[in-house]
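Chemist: only geometry, no sequence info:
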């Protein structure tokens, strides 16, 4: 062999040795990751439970021994804030970014859909090898690409919309023996909703106990309607300190389920290496009625810009992580801090994302002498287009600027009874400037719309409901609510057509699982619609509604792009938008029937709440 050949052979050998070394090093690194005991994460978040709706915060009547114990076993964030309503809070929690920034400032009308560009907490955990599961309430979009299965959750069991029994949810659900969505498909369950969410969460944890997991147990209780097993209601009856026996009972049921969860973690030997969080999503909704109940020493309730609307309990426990038991942190913290904090605690790799929150690790582990105070903003917009200063609170240390004009000093006035704006003009100006900075930033994209996508193979049939109507002008009595009655003809769904092609759209007054005629009055007011008009893109056609028809189907060709779906039912006395529409780009004979969609027909014998006692659930 000549010199050139020897040199070439030597180079090849060296490259092979280097390559083998790199492969070995990579394999050792992967084994290190596999062998490292990264913590599991469980977040339990309740709906419409306020700071004062717990025993350890001073409520003298409520029975919450498990949550009270958890507050002693973990660290309490005692100045923790969320948005004053549910979907915005959950959006901020999932992203670490202000709800205004991620497109969620309302609970209906398409302003509850988390923008598809956002990276969620589940996305982050999934990318780091965690099993991810959601159990309960999502409320950040019911259609592709906003569903939990589209946002990083590998396993999900949930109800649609913001509450059980609302328009997108399975018809007839009443908290007992309901039909929920399991990984995109409806499935009937037996038992009370809160019990189901915890039971499904525990199954998920047991299945994935040998690898890291993130379980998001996101409850709809104690949100209205106030339905609860009788055994939890009776202990609170005839107690003048109790706002509502059903509301208190729902919370005690949650407490019992949390006890079962913590016992299971102990039995499986994974409690010490599990970060367990308990929190709520906004101020109390039913904890104060006609002077009864406990306000936690604060002014305001759910949807309020005052402290009682957005200061909530937050407990974090992690024995292996040496999170201090019984510690109370008084520094200002918020929902936007939780994702950055979990990334820090779990040492997760993350995409390049700009978080509005920050890790509070230093607060958890030290007295944080160098912790820099900051201003934070929470709002309750609940309109299609946000309005500057609307129901807003700017928070800095002990100061609160409310609606841009009222100023309170909480260490002197915890119930925010006395406006001292005229006494501290310099503080007023400072906080107004902070809000201006916030508003000028997040408002740049307030005009963006989140479009529901049709024509995707990831969602062959798309179910649309009145929950996601966009309406240019609502009657005053219908602001923010989805109820039966007259509606504006200009109601529409914001749609993105993913691909050119032939589509079919089925219009209904009742959801497909109700299986009732368009003009049927079994479940509500009967109408006398004679025609249906379909308007989408360049397609505009009107047809007669056959006598007794349960639905009418239109066939059309659509072009790729964004558009409005604006159908109407037409009658001699009323023209109104159908409450439900179903869209497919893969039509088969009978696809628009319950059988064709794989949806079980509603059975009125299911559930345990007598029909005459059922409340109309128009809350968010």
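Modeler: Thanks, I have it. Since the structure is predicted, the reported quantities are computational estimates derived from the model, not experimental observations.
Chemist: Identify each buried residue in stretch 530-539, please.
Modeler: Neighbour-count burial for stretch 530-539 flags 532, 533, 534, 535, 536, 537, 539 (criterion: 16 or more other CB atoms under 10 Å). Where C-beta positions appear, they are placed from N, C-alpha and C, glycine not excepted.
Chemist: quick one: which two of those are the most distant?
Modeler: Using CB to CB, the buried residues of stretch 530-539 span at most 17.1 Å, a distance reached by 532 and 537.
Chemist: what distance separates the start and the end of stretch 72-81?
Modeler: One end of stretch 72-81 to the other measures 20 Å (CA to CA, to the nearest Å).
Chemist: ok, which stretches of the stretch 501-620 of the chain are strands?
Modeler: 501-508, 531-536, 539-544, 552-558, 561-565, 568-570, 575-576, 580-584 (DSSP state E, counting those that start in this stretch).
Chemist: Of all those, which one comes closest to residue 54?
Modeler: The closest of those to residue 54 is strand 580-584. By CB to CB, the value is 39.1 Å.
Chemist: and the closest one, which strands flank it?
Modeler: Under the criterion DSSP bridges, strand 580-584 sits next to strand 461-465 (antiparallel), strand 501-508 (antiparallel) in its sheet.
Chemist: List of residues touching the last one?
Modeler: The contact list for strand 501-508, computed with CB atoms under 8 Å, 6 or more residues apart in numbering, reads 454-455, 497, 512, 518, 532, 534, 536, 550-558, 565, 567, 569, 578-585, 587, 591-592.
Chemist: Who's the closest spatial neighbour of residue 431, skipping the chain neighbours?
Modeler: Spatial nearest neighbour of residue 431, chain neighbours left out: residue 401 (3.9 Å); criterion: CB to CB, 6 or more residues apart in numbering.
Chemist: Which of the helices or strands spans that neighbour?
Modeler: strand 399-402 (DSSP states H and E).
Chemist: can you list contacts of that strand?
Modeler: 305-307, 392-395, 407-410, 416, 427-428, 431-432, 435.
Chemist: Going by neighbour count, list what's buried in stretch 293-306.
Modeler: For stretch 293-306, the neighbour count (16+ other CB under 10 Å) marks 293-296, 298-306 as buried.
Chemist: that older thread, in TSV: the buried residues of stretch 530-539, plus distance to residue 258 and pLDDT.
Modeler: Formatted as TSV, the buried residues of stretch 530-539 follow (distance: CB to CB, whole Å; pLDDT from 0 to 100):
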residue	distance to residue 258	pLDDT
532	49	98
533	51	97
534	49	97
535	49	97
536	47	97
537	50	94
539	52	97
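Chemist: So which of those residues is the closest to residue 73?
Modeler: Looking across the buried residues of stretch 530-539 and measuring by CB to CB, the closest to residue 73 is residue 536, at 55.4 Å.
Chemist: okay but that closest one is in contact with residue 556, surely?
Modeler: Yes. Counting by CB atoms under 8 Å, residue 556 is a contact partner of residue 536 at 7.0 Å.
Chemist: Against residue 158, how distant is the closest residue in space to residue 40 that isn't next to it in sequence?
Modeler: Among residues not flanking residue 40 along the chain, residue 274 sits closest, at 4.3 Å (CB to CB, 6+ apart). Here the criterion is CB to CB, to the nearest Å. By it, residue 274 lies 22 Å from residue 158.
Chemist: Any idea how many residues pack against the residue nearest to residue 431?
Modeler: Residue 401 has 26 neighbours, counted by other CB atoms under 10 Å.
Chemist: Pass me the low-pLDDT residue ranges in the stretch 351-500 of the chain, would you?
Modeler: Residue ranges of the stretch 351-500 of the chain with pLDDT under 70: 472-489.
Chemist: show me where it has helices.
Modeler: Ranges of helices in the stretch 351-500 of the chain, per DSSP state H, counting those that start in this stretch, are 361-365, 425-442.
Chemist: Look up phi and psi at residue 246.
Modeler: Main-chain dihedrals, residue 246, degrees, to the nearest 10: phi -70, psi -40.
Chemist: try residue 202
Modeler: Dihedral angles (degrees, to the nearest 10) for residue 202: phi -70, psi -40.
Chemist: Now it: closest residue in space, sequence neighbours ignored.
Modeler: Residue 202's closest residue in space is residue 264 (CB to CB, 6+ apart), at 5.2 Å.
Chemist: Return the helix or strand in the chain with minimum mean pLDDT.
Modeler: helix 3-35 (a mean of 38; mean pLDDT, DSSP states H and E).
Chemist: Sketch out the low-pLDDT regions of the stretch 501-620 of the chain for me.
Modeler: 609-620.
Chemist: again, only this time at 50
Modeler: 612, 615-620 (pLDDT under 50).
Chemist: ok, residue 260 - how many residues close by?
Modeler: Neighbours around residue 260, by other CB under 10 Å: 14.
Chemist: from now on call the first residue 573
Modeler: Yes, from this point I'll number from 573; that puts the last item at residue 832.
Chemist: quick one, phi/psi of it?
Modeler: Dihedral pair for residue 832: phi -60, psi -40, per degrees, to the nearest 10.
Chemist: so it makes contact with residue 769?
Modeler: No. At 11.9 Å, residue 832 does not count as touching residue 769 under the criterion of CB under 8 Å.
Chemist: Please tell me how far the closest residue in space to residue 718 that isn't next to it in sequence sits from residue 1112.
Modeler: Nearest non-adjacent residue to residue 718, counting by CB to CB, 6+ apart: residue 685, 4.7 Å away. Computed as CB to CB, the residue 685 to residue 1112 distance reads 27 Å.
Chemist: The two: which is more packed in?
Modeler: Neighbours per residue, other CB under 10 Å: of residue 685 and residue 1112, the larger number sits with residue 685, 26 against 11.
Chemist: And the strands in the stretch 923-1072 of the chain, which stretches?
Modeler: Under DSSP E, counting those that start in this stretch, the stretch 923-1072 of the chain gives strands at 947-951, 964-968, 971-974, 978-981, 1024-1026, 1033-1037, 1065-1069.
Chemist: Could you dump those strands into JSON lines and include distance to residue 757?
Modeler: As requested, the strands of the stretch 923-1072 of the chain are exported to JSON lines (distance: least, CB to CB, whole Å):
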{"stretch": "strand 947-951", "distance to residue 757": "36"}
{"stretch": "strand 964-968", "distance to residue 757": "41"}
{"stretch": "strand 971-974", "distance to residue 757": "45"}
{"stretch": "strand 978-981", "distance to residue 757": "49"}
{"stretch": "strand 1024-1026", "distance to residue 757": "19"}
{"stretch": "strand 1033-1037", "distance to residue 757": "11"}
{"stretch": "strand 1065-1069", "distance to residue 757": "23"}
